[in-house]
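Participant: Need coordinates for the below:
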Amino acid sequence: MSRRPIRSSETQIIFSPESPRYDRTCWVCLASDKDDDAGPVLKDWVRPCRCRGTTKWVHQACLQRWIDEKQAGNAAAPVLCSQCRTQYRIVCPKLGPLFECFEEYEKIIDAFSPLATAFLVLGGVGWCANRFGMLSLTQTLGSDATAALLENRDPVLIHVTVPLIPFVLAGSRFIDWHTYGLRLYWWSQSQLKRFVLGDDGCERNEAEANSTSRMREPAELKSSSDAATITRRVMGGLLLPTCAAVCGQLLFDGLIEEQWKKSLLGGFVYVLGKGIVKMMYRHQQYVRQASRTILSWDES
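Facilitator: Next comes the predicted model:
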């Protein structure tokens, strides 16, 4: 079957962009030149970017709606073509002098608002940290000793070091020394058994224990890192000077006169005692996990 040859005039009519019958297709609504009878709004075509082919042309009204969705209410936000990444050139009618001044004022406020907010937040945090640091020094050293300490020091050094006190206290609670102490306890137990019983006796003891005991070796318990644990550690670090002062007052009131010595010893006793109790508790958790059993399903 022979094909009818295409005349050059027909090719010019179909594919020439300058021809009014050029078949353009909107990439938003997928309407073409043949569908322009639907309304006069769809007759306004625009080529807003470097795209070619089917994504070259778009209706002005369709593109306006698409840009509104992309800007999401922010009329000053730039919009890029999703294909060639060309920024659309959006031109709006000029405002009057009064509204142009107001628009520039809004731009200046938008530019400086993040900086001003950050300055106020950091200033508030610094002021609170400075007050808390002074309170911690007063609790541990006493009011007279704190006043004498700050009186003979450089003000710049004071304003830099005192606000760091709450951050140092909170950060110290994230040093998990209990785990290292518990591992040292387990290691010392094994070394003591090997020293007393010897290698052969220790191996026989472990074999007998495994044959008669139901205990297994569970995974090592790790500290939780959820939000409750983090906030608990932060609060524990911030309350450390208060707990140290209270323990020092209760334990060493009649023995030591200086407030800072009582607070130092009280804090040492508080941290050491709490750490030992926590290590014993974690050891019991480990033993409990090693002795756990799983029950069979009871169909009744």
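Participant: which residues of this protein score low on pLDDT?
Facilitator: The chain contains residues with pLDDT under 70 at 1-22, 36-43, 197-225, 299-300.
Participant: at 80 instead, please
Facilitator: The model of the chain has pLDDT under 80 over residues 1-23, 33-43, 75-76, 152-157, 189-191, 193-226, 290, 298-300.
Participant: Could you pull up the residues touching Arg65?
Facilitator: Listed by CB atoms under 8 Å, 6 or more residues apart in numbering, the contact partners of Arg65 are Val28. (Each C-beta comes from the backbone N, C-alpha and C, glycine too.)
Participant: now do 10 Å
Facilitator: By CB atoms under 10 Å, 6 or more residues apart in numbering, the contact list for Arg65 reads 28-29, 59.
Participant: Reformat these as TSV; add neighbour count, secondary structure and distance to Pro78.
Facilitator: As requested, the contacts of Arg65 are exported to TSV (neighbours: other CB atoms under 10 Å; DSSP: H, G, I helix; E, B strand; the rest coil; distance: CB to CB, whole Å):
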residue	neighbour count	secondary structure	distance to Pro78
Val28	15	coil	19
Cys29	16	coil	24
His59	22	strand	21
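Participant: any chance of those in CSV, plus distance to Glu100?
Facilitator: Listed next are the contacts of Arg65 as CSV, based on distance: CB to CB, whole Å:
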residue, distance to Glu100
Val28, 32
Cys29, 35
His59, 31
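Participant: now, among the residues you listed, which is nearest to Thr86?
Facilitator: For the contacts of Arg65, the minimum distance to Thr86 (CB to CB) is 16.2 Å, reached by Val28.
Participant: From Trp45, how far off is that closest one?
Facilitator: Distance of Val28 to Trp45, given as CB to CB, to the nearest Å: 12 Å.
Participant: what do you get for Trp187?
Facilitator: 80 Å.
Participant: neighbour count winner among these two?
Facilitator: Trp45 (16 against 10; other CB atoms under 10 Å).
Participant: Bridging across strands, which residues link to the more buried one?
Facilitator: Taking DSSP bridges as the rule, Trp45 bridges to His59.
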